[in-house]
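**Q** Any chance you can model this:
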Amino acid sequence: MDFIKPAIEELSHLREDPLLVEQELDVRPDVALALEKATGIRSGRVYWRSQHEYLYALELGDLGRGRPSTATVYGFWDRYEPRPVDNEIDADLLEFIYWFAGITESINPDDVKQTVKFAQIQSTHLDGTWPAGSFMRTPDERFGDLPGFDYQPRYVDVEGLRMAYYEAGEGNPILCLHGEPMWGYLYRRMIPILAKAGRVIVPDLIGFGRSDKPVAENAYSYKSHVRWMKKFLDALKLDRITVIGQDWGGSIGLRLLAALPGIFTHAIWMNTGIAGGLPFGQAFATWRRFSQDQVFMDVPALVKLSLQRKLSESEYAAYGAPFPSKEYCRGALVFPRLVPIRPDHPGTYDNLKAIEILRKLDIPVLLLWGDKDDITKPGVYFLKSIFKTANEPIVIKGAGHFIQEDAGEEVADRIVEWLKNNS
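**A** Got it, this is the predicted structure:
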């Protein structure tokens, strides 16, 4: 267990939740002393981050018997949001329990594992897997008619969820990240052109496209989307990445770049931004209010209203293929309220820390913006102030928010040329 010292500012954004309590620790002196040795304290708290990147603390109490007498494990969640889904917390607690057994000489870790296996008979998700019915998988037949998109899906496992992606070309990876409520289909005009410059990889975010879609709204957070993408990159062993991000694909990609700067060589941001706890403008506020009134997102209708370019009815329908009913739409409906637009908003602290890192990076950055999109204009120009190597945003005339659809060929040509000049 790697213990850390969290910043007071981070703790101020979180609330603590007692998860495990032991009030008679001193009846097992050997265990109490082993805990004291492993943590370096007899009383007080030690902190760590779990495999899900949640913050936890072990608090020991000293009642004057020369060793720890009580122990409590706390989880720390975003202050004004529901706690994460139970299967993620259960997996983290099991990780702690196995560590706890391993530091003692009198508790056999194998016995603990046998006890856990027995307990799983009563609780099907105690091992951290997603219980039956806790996520949806869009039927394959929904994707039978996809004009201009004949790329076969590939899949990786991310924390027990199937994550889809599409691939074309060879060479260094060009990672294309979509936003809400889209999926990899959005990049179909750009993929053939970008494939001349490298290995194009277009994932469907969890909750979108052919990727699995958790049913519980609290499964989706800014933190979880970033974590899922980090594990996706690790599963594919990607390095020397050019990242292209639009909308939430950019907001997630910016956090990825800050967390893993060593694996990225170039960054292209289009109609996106990274919110640091300030209001994002009236246009976004209007969209946020509208979206949170919906229980089902009619994606084809939304795309019709949003695009400057006219599509065929089959193309509009392709955008709705992942969402046959409201149960499949949770990830799309949650996204607007995840944008950190208040100082105490979940994600604000993590974004501000990411911005500090991004300001110091020396990486070629290309900024593009469709001039019919009022929502993201402030975000794009804020990115210009963050990246010292960024160009003045290139304005794509007549393109709206979904710049990949309105001007995908032009944008892809510009990117390929820019990569040649910045290799």
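
**Q** Now do the helices in this structure.
**A** 8-12, 29-39, 86-103, 109-120, 191-194, 222-236, 248-259, 282-291, 299-306, 313-320, 330-338, 348-358, 377-386, 403-421 (DSSP state H).

**Q** highest average neighbour count across the ones you listed?
**A** Scoring the helices of the chain by mean neighbour count under mean count of other CB atoms under 10 Å gives helix 248-259 as the most buried, with a mean of 25. Glycine gets a C-beta too; all of them are placed from N, C-alpha and C.

**Q** Does anything pack onto that helix? Which helices or strands?
**A** strand 173-177, helix 222-236, strand 241-246, strand 264-270, helix 348-358 (3 or more CB pairs under 8 Å, 6 or more residues apart in numbering; DSSP states H and E).

**Q** got TSV for those, with distance to I8 and mean pLDDT too?
**A** Converted to TSV, those look like this (distance: least, CB to CB, whole Å; pLDDT from 0 to 100):
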stretch	distance to I8	mean pLDDT
strand 173-177	33	98
helix 222-236	19	98
strand 241-246	31	98
strand 264-270	30	98
helix 348-358	11	97
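
**Q** Ok, which of those comes nearest T389?
**A** strand 264-270 (9.2 Å; CB to CB).

**Q** where does this structure dip in pLDDT?
**A** Within the chain, the stretches with pLDDT under 70 are 117-128.

**Q** Spell out which residues make up each domain of it.
**A** The record's domain parsing of the chain by automatic domain parsing lists 8-120, 135-421.

**Q** how about JSON lines for these, with distance to M1 added?
**A** Output for those, formatted as JSON lines (distance: least, CB to CB, whole Å):
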{"stretch": "domain 8-120", "distance to M1": "5"}
{"stretch": "domain 135-421", "distance to M1": "19"}
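
**Q** that older thread, could I get the helices of the chain as JSON lines with distance to S50?
**A** JSON lines is the format used below for these (distance: least, CB to CB, whole Å):
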{"stretch": "helix 8-12", "distance to S50": "15"}
{"stretch": "helix 29-39", "distance to S50": "16"}
{"stretch": "helix 86-103", "distance to S50": "4"}
{"stretch": "helix 109-120", "distance to S50": "17"}
{"stretch": "helix 191-194", "distance to S50": "36"}
{"stretch": "helix 222-236", "distance to S50": "10"}
{"stretch": "helix 248-259", "distance to S50": "16"}
{"stretch": "helix 282-291", "distance to S50": "31"}
{"stretch": "helix 299-306", "distance to S50": "34"}
{"stretch": "helix 313-320", "distance to S50": "36"}
{"stretch": "helix 330-338", "distance to S50": "21"}
{"stretch": "helix 348-358", "distance to S50": "15"}
{"stretch": "helix 377-386", "distance to S50": "30"}
{"stretch": "helix 403-421", "distance to S50": "35"}
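
**Q** Settle this for me: L19 is touching W77, isn't it.
**A** No: judged on CB atoms under 8 Å, L19 makes no contact with W77 at a distance of 10.8 Å.

**Q** higher neighbour count, these two?
**A** Per other CB atoms under 10 Å, whichever of L19 and W77 has more neighbours is W77, with 20 against 17.

**Q** Now for the more buried one: which residues touch it?
**A** Each residue near W77 by CB atoms under 8 Å, 6 or more residues apart in numbering is listed here: 14-15, 17, 54, 83-84.

**Q** tell me the centre residue of this protein?
**A** Centroid check for the chain by CA atoms, centre = their mean gives H225 as the closest residue, at 1.4 Å.

**Q** Distance-wise, check that residue relative to W248.
**A** 8 Å (CB to CB, to the nearest Å).

**Q** what's the overlap in contacts for the two?
**A** Contact criterion CB under 8 Å, 6+ apart; residues shared by H225 and W248: L205.

**Q** Tell me the spacing between the spatially most distant residue from the centre of the chain and D26.
**A** Relative to the C-alpha centroid of the chain, counting by CA atoms, centre = their mean, R65 is the outermost residue, at 45.6 Å. Distance, R65 to D26, by CB to CB: 5 Å.

**Q** quick revisit: please indicate which of the contacts of W77 are buried?
**A** Among these, the ones that count as buried by 16 or more other CB atoms under 10 Å are 14, 54, 83-84.

**Q** and these as TSV, adding distance to A71?
**A** Shown next, in TSV, are those (distance: CB to CB, whole Å):
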residue	distance to A71
L14	20
Y54	19
R83	21
P84	22
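
**Q** Among the residues you listed, which pair sits farthest apart?
**A** Spatially, the most separated pair among those is L14 and P84, at 12.1 Å (CB to CB).

**Q** So what's the residue count around the nearest residue to F3 once chain neighbours are set aside?
**A** Of all residues not flanking F3 in the chain, V46 sits nearest, at 4.5 Å (CB to CB, 6 or more residues apart in numbering). Residues lying near V46 (other CB under 10 Å) number 18.

**Q** got it, and E327?
**A** Around E327 there are 12 residues (other CB under 10 Å).

**Q** Tell me, how many residues neighbour the residue lying closest to it once chain neighbours are set aside?
**A** Using CB to CB, 6+ apart and skipping the chain neighbours, the partner closest in space to E327 is M136 (5.7 Å). A count of neighbours around M136, defined by other CB under 10 Å, yields 19.

**Q** M136 contacts D212, correct?
**A** Yes: using CB under 8 Å, M136 is in contact with D212, at 7.1 Å.

**Q** what's in contact with stretch 60-71?
**A** Identification of contacts with stretch 60-71 by CB under 8 Å, 6+ apart yields 20-26, 29, 32-33, 35-36, 39, 41-45, 58-59, 72.

**Q** In contact with M1, which residues?
**A** M1 makes contact with 38, 48, 96, 99 under the criterion CB under 8 Å, 6+ apart.

**Q** how near is T138 to P340?
**A** Taken as CB to CB, the spacing of T138 relative to P340 amounts to 29 Å.

**Q** right, I mislabeled it, should have said F382
**A** Distance of F382 to P340, computed by CB to CB: 13 Å.
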